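> Quick one, structure for this:
(chains A, B, C and D)
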Amino acid sequence: MRRFSISSLLTEALNGHQGWERQWRNPTPKAAYDAIIIGGGGHGLGAAYYLAKEHGLTNIAVLEKGWIGGGNAGRNTTIIRSNYLYDESAALFEHAVKLWEGLSQELNYNVMFSQRGVLMLAHNVHDVQSFKRHVYSNRLNGIDNEWMTPEEAKDFCPPLNISPDIRYPVMGAALQRRGGTARHDAVVWGYARGADALGVDIIQNCEVIAITRGPDGAVTGVETSRGSIKTKKIGVSVAGHTSMVMGMAGVRMPLESFPLQALVSEPVKPCFPCVLMSNAVHAYISQSDKGELVIGAGTDQYVSYSQQGGLHITTHTLDAICELFPQFTRMKMLRSWGGIVDVTPDRSPIVGKTPVKGLYVNCGWGTGGFKATPGSAHVFAHTIARDEPHPINAPFTLDRFRTGRLIDEAAAAAVAH
Amino acid sequence: MAQSNRLPSGGRIDRAKPLAFTFNGKSVDGFAGDTVASALLANGIRLVGRSFKYHRPRGILTHGSDEPNALLKVDRGPGRADPNNRATVIEAVGGLKLSSQNHWPSLEHDIGAVNDRLSPVLVAGFYYKTFMWPRSFWDKLYEPKIRAAAGLGVAPDVPDADRYVHRNAHCDVLVVGAGPAGLAAALAASENGRRVILADEQAEMGGSLLAERTATIDGVSAAQWVAHALTTLAGRANVTLLPRTTAFGYYNHNHVVLTERVTDHLERPDPKLPRERLWQVRPAEVVIATGAHERPLSFADNDRPGIMLAESVRTYINRYGVAPGRRIVFATNGASAYAAAADAKAAGLDVTIVDTRPESAIGPEKALAAGIEILAGHTVVGSTGGKGLTGLIVAPFTAGKGVGARRTLPCDCAGISGGWTPSVHLFSQSRGKLIFRADIDAFVPGISVQKERSAGACKGTYGLSAILAEGWAAGSGAAGADGSRLFAAAPATPTGFAPARVLPTDDDPKKVRAFLDFQNDVTAKDIRLAVREGFESVEHVKRYTTNGMASDQGKTSNMAALGLLSEILEKPIPQVGTTTFRPPYTPVTFGAIIGSARGQLFDPIRTAPLHEWAVEHGAKFENVSLWRRAWYFPKAGEDMHAAVARECKAVRESVGIFDASTLGKIEVKGPDAAEFLNRIYPNAWLKLEPGKCRYGLMLKEDGFIFDDGVVARLAPDLFHVTTTTGGAPRVLAHMEDYLQTEWPDLNVFATSTTEEWAVIALQGPKARDVLQPFVTGIDLAGEAFPHMAVRVGEICGVPTRLMRVSFTGEMGFEINVPADHARAVWEALYDYGQRFGITPYGTEAMHVLRAERGFIIVGQETDGTVTPEDLGLGGMVSKVKRDFVGKRSLARPDMALADRKQLVGLASLDGRTVLDEGAQIVADPAQAVPMTMLGHVTSSYLSPSLGHPIALALVAGGRTRMGETLHVTTPAGFTTVKVTAPVFVDPEGKRVNGVQTEGALHA
Amino acid sequence: MLLVPCPYCGPRPEVEFHCGGEAHIARPADPNALDDAQWAEYLFVRTSNKGVHAERWLHSHGCGRWFNALRNTVSDSFLASYEMGQPRPALPTEGGK
Amino acid sequence: MLDTPKAARRTPVLPVGKGGIVSPLPPADRFVLRLKGFSGTAGGFDLSGALNTAHGMAERFAARLGPDEWLLVLPEGEGAAAQAALEADLVGRFFSLVAVGHRNVGIAVTGPHAADVLNAGIALDLSDAAFPQGSATRTLLGKADVVVVRLGSGFRVECWRSFAPYVSGFLTEVAQEFA
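Residues are numbered from 1 along each chain as shown, chains lettered A, B, ... in the order given. The predicted structure follows:
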């Protein structure tokens, strides 16, 4: 793999950039692999990368039905934070943030992890209590998160409207300075390039249509649009389509798949310094390096695979954005799009083994999977390689829905992910 | 500034109405009917902006909403300035202040242009390969620099002075686009009284016909035909004409959304008018007649100011009476530019045509170019000039033989035409699949998915007669008539072109910068680099190079990139694919999308009937769900703490009055009402006697608490159910769900009475004394009306449901009265209560009082993961009932674990520290991070009754920890607490019966 | 915004409705007879079918009725709606687009 | 017992827009009637109409909002008699009659642009053809639940009292351009 650096860039600039090589190959699927990851998003490609790098499993393939990064990896609003309430979630997301902090160097690919801070607004007494609970819990878990007065919040995010006269005045905020954003496509491409260099086959336009199982019930391979492939280990990492793919192995899931929309404004000069979230009024906003205001909306209320939602959902979000930032009503929506998120009953992910031998699943991230990408990929790879979960993902079992040991971040905090 | 390039006659501008605006501080003259672009061109201004990455000088490329270059800041006065407006669609209005963007110090002299020199380094995706060392520099140096360089205009920083509104509309046929196809469609669709809406993004309807010089339709000029069509349509009551209205989104189930610009074209708009109106239309049928976009040609330095689309040259001349240049070279690969050349010549301009096609491939359009020099079989290899075009460098080209000798054609304007791309955006948004037509090198609509049909150029039909006929048929079909009509249009429209990706050149292809996406500065080289690096999917190429992601969303660049990609990959275009079009078609203001939902109308502010009284008495308020409730009533000089302490004291010692009207109320009626409540609540209801109340916790099927409240049985078949303030809607929905879907056999009706009954809470030892004089028909004596009783009678002569309940621990009454009477009853009680020192109290004192008595609040002591047992309320869960909602979940293994978090009290050992609500609790504050947390503080106050802090907390295994010392986080560190029972005042509950328990109070 | 076919009121805009998730998951007559896995299945497991999906809707800002509907989750088009308690109607084109 | 005057009725104070397009209606008596499987007349109200229709006059009508749900509106002071009559007529049946006279507020929207004003916040087709005289339905206006009734001239909008400032504020805001 040719290393990226300022010197290789300058060398190529003199050469008309003729010398750059493919960032990943375009291989033909082999008849068999030691392991297969279904789903070429950040989570799947990352898992393949760590399987190859840390567990020595290089005879593996990532099967992607379309183009890599075409699912939620390329459709999210790129918010990264780890200030979760429960120990289990905090450990998982903090694991990810720590990996984010060195990811560009790890992958030799600038994923533009920008620790500009995630500011979460409290609009009522209940929010204040809930956010302080988070701040204290994070502190004891070794995660940075600080409580701010409205004035401190405005200092940190000058466009913020902290007038006491607005509909839901800002009563304070929690700030995680290490939170921020990253360039979503670069994460996908960086993992793909890294995995490819370690020998992983990344096979695009390859849709899995069946999972085959032996007499003992264990997986034996997959049927795809590009032929049969044998394998004894399958990691399913297909956010949005998990229920369908797991159904191929006869596993029913506690999931629902909903459309999730986002939008960007036209690009403008820097006017918004951080990531800002307001769960009470449902607004999530940051400004991309390109200058677009990136705004996340909520999910539509019904199951859909159309990657299209209603305008009323984005309207609801923009109502809130313009209440907090009344100067933005003359800004213009440039582009809107939708993704499909699979949502668990407790709004926490499922990462682990399944009732089927050799079948592993990573799903249920709801609206917040991007931030977990490196951490989730890392522990998922561990789970597949060792056939047992990493301590960090051990609580995120499918079985918790039977026992009742839920990890209910949403209920506990009224905080969307 | 003189209109040096205004033609002496012609155009649809009103020369009797001159106007002036400023551009970068200089005055620009124009006429009514001008766009800003046409006026700038009339004044000889070609340089209008700088590109995104390389800061290259840019001019006006188009005459419509596809413009990638000419983006201006528009300032219409205070609170009315915004960036990134296309000069080609802003109507010229006197007094506008316009300025160019993305340059420093000025448009003419831009330091950022150094990026152009660095262009060999700043190729597609360069930023993924560098800026990684040292690690900390990304946040502190590289990213801020990149961010400052990026972006175009400057976001507004003051609130918008304008208003926006919404309109929902229904019609039989919505026609989008009022060019020839759309006009014909609207005429046909509206013939028989069907409701028709015709929308067009331009100020004037007529589309391309407005730029026709020679065309005739059915024997009259195009302009006359348009005028007649519009007169006809305007005369039909069933037709709504919406000019300046862009259909930007085609959503599910034929939901089409339009944005109408109502006042931006007015110099002094009526303040009663909104700036924009968002139309949400649900038409039975849609006719899409959105025309086509001309493609630029790609060659080295094809972006100099003065180079514009050929059809735009034609439009500026014919429609606006402006010469975009005096010497114009048309460079084309097809027929349509010949009409533009002919019109330019007719306007007296010096015209040359360069055609990439060999002589033999030029069709009948050649006749249009009589008297014009045509260089057939020529390629364009470059242009000359700095901030404005001075010449086009051309050379003969023969397939197989290569590029011949160059010559420079001096010119101040070039009209380039690379063929046409049908505007299929709305069709694609409607989820229709596009199909590729190789004969016109374009994607056209395939099979309709929703109730829509395309007509005219957006469907790949380019001849005027055919467009009109297709439009008519579409309109008629959409109206259910299936009629047809022929139109005689003359002369024949010149159509056809030979696809050209990047024009042939003999320069080193590694050095040539032929722009595809003008705004994002994407060149053909960038596309080639992306493919070289393995980005082969069209979506990957788009994301890696940013081609098509600028504010024009690729209207002039997508097909160019796709064609080039197809050439590089040696795959036909359909196999390379196309990107999916998403709303909006053109950028839409946030203001239009949100409409009236601003300020007071952002979200309803619900207030109870006593709200005005509280305002008049100086209350501070808090938001609770949509409600605004009185929080506390400070007297002069009091802070919140002092006010709350005084209010609490009054309730404990005398009497307080509280507005509890926001509590949810549901009337549950029917012979099976008791059975229904028995199934919905975990405790028992069948034996509750009429006239009595009972407290109920409500569980969801998952076993966790989701609401609580007191229920009063008024009659065997009638219950008055109360809920939390925020929970009222979801509790009613929960009840309806079970009644309608699980137990439809139960004869029960549930009706919301939250707002029928205002609730006045009188609490305190003197409550009965205050109440007594006003009540008739109810014996208030202790034995006759004990705690947890309910009676129906009258107060102040109006009906009341009077409940003897207490959320404070004191003797209390909740007086339900019809809402419109609440103020009068409250005032009567308040006036009379003065002799007892009656004190109004707010939600904060209410919280403190109930915490002293150990009463929980759902949402504060509970969070969706708490069971009754966790709160020590396991006794409320019936052990004998076979089933109730949530029962089975309570039997799951994790629900019985001893280490579940349980409600306890906490006492600060120092007797002073008021714990933070939300603070975490540990056994050992010296342990290593991450620490083992035992729970958190749910409620915490300085108790006015006790004079020391009290707190409630959920603690793992809490009930077995009584007396244990634990540690609680504070902003600075930890403080030490002792675990106590979660009741602080009157643990035996005597005070509700009026028994004074001084000892218990000050324990 | 969907146009939801209320079996009582006819097609109405989606904002008037609340979607209640997958239909035809009846509350068990005797929850105590179920083991934990079966109870978890009732509470949490959903099919999220890609294709025709039966789901519950409440016309909350309309007639106030719960009803069931069949909708294609790929195209989002409604294929049928019917009153609570009625069986899921058979579709001639089920499984198709 | 104090000799106090009967408590006066005080309805929410609402803004009155210019041009008289949006105006608060006087206090009224109202009931929610829930009743299954009935078609006919009771208490002087015609309950035979189809779902989403209203029968009666502008000041006294029964609007069928659900298959088994009616909103009954009548002039202030006539409620008690109507209640007695209804209970007499429906005796022996399972029904629920709940007084909601104070829960709701009525707002009139009138004039040639009445439907346009309402359609700023209501997504239903309110044209004469789609929503003729005698129509009534519950729906959403902006972010508030409302009942719209078309009896007599113009439209009657009913909402819960705490939403009335929002509903009337919304309507007066959008009515400006027609005033």
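> measure stretch B:777-788 end to end?
End-to-end distance of stretch B:777-788 (C-alpha to C-alpha, to the nearest Å): 18 Å.
> Let's test this: mean pLDDT of it, rounded?
Stretch B:777-788 carries an average pLDDT of 94.
> in chain D, what spans have low per-residue confidence?
Scanning chain D for pLDDT under 70 picks out D:1-4.
> mind listing the strands for it?
For chain D, strands defined by DSSP state E occupy the ranges D:22-24, D:28-35, D:41-42, D:45-46, D:54-57, D:60-66, D:69-75, D:95-99, D:104-109, D:135-141, D:144-150, D:155-160.
> wait, which of these is closest to chain A?
Checking the strands of chain D against chain A by C-beta to the nearest C-beta gives strand D:135-141 as the closest, at 10.1 Å. Yep, even glycine has a C-beta here, placed from its N, CA and C like the rest.
> now what about the closest one, what contacts it?
Residues outside strand D:135-141 that contact it (C-beta atoms under 8 Å, 6 or more residues apart in numbering or on different chains) are C:9, C:12, C:15-16, C:61-64, D:52-54, D:61, D:63-65, D:71, D:118, D:121-124, D:145-151, D:157, D:159, D:167, D:170-171.
> Filter these down to just the buried residues.
Members of the contacts of strand D:135-141 that pass the buried threshold by neighbour count (16 or more other C-beta atoms under 10 Å in any protein chain shown) are listed as C:9, C:12, C:15-16, C:61-64, D:52-54, D:61, D:63-65, D:71, D:118, D:121-124, D:145-151, D:157, D:159, D:167, D:170-171.
> residues in contact with residue B:535?
A:23, B:541, B:543-544.
> Next up, phi/psi of it, please.
When read as degrees, to the nearest 10, the backbone of residue B:535 gives phi -90, psi 100.
> roughly how far apart are it and residue C:17?
Distance of residue B:535 to residue C:17, computed by C-beta to C-beta, to the nearest Å: 43 Å.
> Same check on residue B:839?
46 Å.
> How about residue B:957?
From residue B:957 to residue C:17 the distance is 45 Å (C-beta to C-beta).
> Tell me which of these two has more neighbours.
residue C:17 (21 against 16; other C-beta atoms under 10 Å in any protein chain shown).
> what sits against the more buried one?
C:4, C:6, C:57-62.
> if we can go back for a sec, distance to residue C:40 added to the strands of chain D, as JSON lines?
Below are those laid out as JSON lines (distance: least, C-beta to C-beta, whole Å):
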{"stretch": "strand D:22-24", "distance to residue C:40": "53"}
{"stretch": "strand D:28-35", "distance to residue C:40": "36"}
{"stretch": "strand D:41-42", "distance to residue C:40": "48"}
{"stretch": "strand D:45-46", "distance to residue C:40": "49"}
{"stretch": "strand D:54-57", "distance to residue C:40": "48"}
{"stretch": "strand D:60-66", "distance to residue C:40": "35"}
{"stretch": "strand D:69-75", "distance to residue C:40": "36"}
{"stretch": "strand D:95-99", "distance to residue C:40": "37"}
{"stretch": "strand D:104-109", "distance to residue C:40": "43"}
{"stretch": "strand D:135-141", "distance to residue C:40": "36"}
{"stretch": "strand D:144-150", "distance to residue C:40": "35"}
{"stretch": "strand D:155-160", "distance to residue C:40": "39"}
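> quick one: which of those strands is nearest residue A:224?
Residue A:224 lies closest to strand D:135-141 among the strands of chain D, at 46.6 Å (C-beta to C-beta).
> Send me the closest one as PDB with only the CA atoms.
In PDB, the C-alpha atoms belonging to strand D:135-141 read as follows (Å, rounded to 0.1, in the frame of the first residue of the first chain):
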ATOM      1  CA  SER D 135     -69.100  18.800   7.100                       C
ATOM      2  CA  ALA D 136     -67.200  18.300  10.400                       C
ATOM      3  CA  THR D 137     -64.000  16.600  11.300                       C
ATOM      4  CA  ARG D 138     -61.200  16.500  13.800                       C
ATOM      5  CA  THR D 139     -57.900  17.300  12.300                       C
ATOM      6  CA  LEU D 140     -54.600  19.200  12.900                       C
ATOM      7  CA  LEU D 141     -54.100  22.900  12.500                       C
END
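> one step back: looking at the strands of chain D, spot the one closest to residue A:239.
Taking these one by one with C-beta to C-beta, strand D:135-141 is closest: 32.3 Å.
> which regions of chain C lie under the pLDDT threshold?
Along chain C, the model assigns pLDDT under 70 to residues C:93-97.
> now the strands: where do they sit in it?
C:3-6, C:10-13, C:18-22, C:52-58, C:66-72, C:78-83.
> Switch these over to CSV; also include distance to chain A.
Below are those laid out as CSV (distance: least, C-beta to the nearest C-beta, whole Å):
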stretch, distance to chain A
strand C:3-6, 9
strand C:10-13, 9
strand C:18-22, 4
strand C:52-58, 6
strand C:66-72, 7
strand C:78-83, 11
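> The closest residue to chain B within chain C: how many residues sit nearby?
Of all residues in chain C, the one sitting closest to chain B is residue C:31 (3.5 Å; C-beta to the nearest C-beta). Around residue C:31 there are 21 other residues, counting by other C-beta under 10 Å.
> Return the distance of it relative to residue A:345.
On the measure of C-beta to C-beta, residue C:31 and residue A:345 end up 17 Å apart.
> Please apply the same query to residue A:381.
Distance of residue A:381 to residue A:345, computed by C-beta to C-beta: 26 Å.
> Likewise for residue D:24?
46 Å.
> dump the residue contacts of whichever residue of the stretch 1-150 of chain A sits closest to chain D.
Distances between the stretch 1-150 of chain A and chain D by C-beta to the nearest C-beta are smallest at residue A:123, namely 16.7 Å. Residues in contact with residue A:123 (C-beta under 8 Å, 6+ apart) are A:168-171, A:278, A:280-281, B:623.
> Just those residues: which are in strands?
Per DSSP E, those map to strands at A:278, B:623.
> Also within reach of chain D: list those from the contacts of residue A:123.
Near chain D, taking C-beta under 8 Å from any C-beta of the partner chain as the test, no member of the contacts of residue A:123 is found.
> nearest to chain D, of the contacts of residue A:123?
Using C-beta to the nearest C-beta, the contacts of residue A:123 come closest to chain D at residue A:281, 12.3 Å.
> Now do the phi/psi pair for the closest residue in space to the closest one that isn't next to it in sequence.
Nearest residue to residue A:281, sequence neighbours excluded (C-beta to C-beta, 6 or more residues apart in numbering or on different chains): residue A:320, at 3.8 Å. Backbone torsions of residue A:320, given as degrees, to the nearest 10, read phi -70, psi -40.
> gap between residue B:872 and chain C?
Applying C-beta to the nearest C-beta, to the nearest Å, the value for residue B:872 to chain C is 25 Å.
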